[in-house]
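Asks: I would like the atomic coordinates for the input below:
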Amino acid sequence: MLQAIELTKRYEDGQLALDALNLEIKPGEIFFLLGANGAGKTTTINLFLNFIEPTSGKAIIDGIDVMENPLETKKYISYVSENVMLYGNFTARQNLDFFAKLGGKTNLRKEDYYTIMRKVGLQEEAFEKKLKTFSKGMRQKVGLAIAIIKDAPNILLDEPTSGLDPKSAAELMQILNNLRNTGKSILMCTHDILRAKSVADRVGIMKEGRLVMLRSREEFLQDDLERIYLDYMQETVMMP
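Replies: Residues are numbered from 1 along each chain as shown. Now for the predicted structure:
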């Protein structure tokens, strides 16, 4: 479970990047955080990952305060970024092997890695090819395979469909569906409304650091999510 309690980040230059975010993402739920660039989505993820420190409030992973126990919380979370940073001179399997061992999993066999790469839809002829020859979509699949190997109960994704072709993006959504069905809590930060409509259990809209809208799947399917999103983007956020 992921929880933000009055989570706030103000940078040294005075910019309020995140303003008292309250949010809970339960096991077996896919939550889409929508918003334009600079809305506070990546800041939210960075706070959960302890890449930056909050000005106030708490980020909690499976009941553990991220600030108080940063190393402990990393056991319970996996992260897939917009631009997956992997080793270009390693093959796909070697990348999986490296990160699996880094996470303490030392008993995996070659076939275990192959099984996971098949699960994320990577073509078999790519298993033993170097990452520097891969397309962005293929790299995203390797990054997701690494997240699956860790088998953490919570998964964070930051703009994972950016730059992907429609087929690769649809495959990614199917994988997230499968992970949700195993009880994972999934937070996806994006501005991809189409994918939100296809798989999200709940959606929130962020603007200027604030969560300005929250809808369940039933609610946003009854409404015109695109229109709602555009309406909120045009409104002025009133600061105290």
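
Asks: Show me where the protein has its helices.
Replies: 41-48, 70-73, 92-102, 110-119, 136-150, 166-181, 193-199, 217-222, 225-234 (DSSP state H).

Asks: what about the residue nearest to residue 114 when sequence neighbours are not counted, neighbour count?
Replies: Of all residues not flanking residue 114 in the chain, residue 127 sits nearest, at 5.9 Å (CB to CB, 6 or more residues apart in numbering). (Glycine included, C-beta is placed from N, CA and C.) Using other CB atoms under 10 Å, residue 127 has 18 other residues around it.

Asks: my read: residue 127 touches residue 111, true?
Replies: No. Contact status for residue 127 versus residue 111: not in contact, 10.6 Å apart, counting by CB atoms under 8 Å.

Asks: which residue packs closest to residue 149, ignoring adjacent ones?
Replies: Using CB to CB, 6+ apart, the closest residue to residue 149 is residue 100 (4.9 Å).

Asks: got the contact list for the one you found?
Replies: Applying CB atoms under 8 Å, 6 or more residues apart in numbering to residue 100 gives the contacts 106, 108, 113, 146, 149-150.

Asks: Of those residues, which is the most crowded?
Replies: residue 146 (24 neighbours).

Asks: how near is that one to residue 11?
Replies: 30 Å (CB to CB, to the nearest Å).

Asks: what sits against residue 90?
Replies: 98, 130-131.

Asks: just curious, which of these is nearest to residue 69?
Replies: Proximity of these to residue 69 (CB to CB) peaks at residue 98, which lies at 25.6 Å.

Asks: if we can go back for a sec, quick check: phi and psi on the residue nearest to residue 114?
Replies: phi -60, psi -40 (degrees, to the nearest 10).

Asks: Tell me the predicted confidence for it.
Replies: pLDDT, residue 127: 95.

Asks: so who does it touch?
Replies: 91-93, 113-114, 117.

Asks: neighbours of the closest residue to residue 91 other than its chain neighbours, just the number please.
Replies: Excluding the flanking residues, the one nearest residue 91 by CB to CB, 6+ apart is residue 128, at 4.9 Å. Residue 128: 12 surrounding residues under other CB under 10 Å.

Asks: cool, and residue 124?
Replies: 9.

Asks: again, but for residue 170
Replies: 17.

Asks: Same question for residue 137.
Replies: 18.

Asks: Compute the distance between the nearest residue in space to it that is not next to it in sequence and residue 215, please.
Replies: In space, and not counting its chain neighbours, residue 137 is closest to residue 168: 3.5 Å by CB to CB, 6+ apart. Separation of residue 168 from residue 215 (CB to CB): 27 Å.

Asks: middle-most residue in this protein, spatially?
Replies: Central residue of the chain (CA atoms, centre = their mean): residue 157, 1.5 Å from the mean position.
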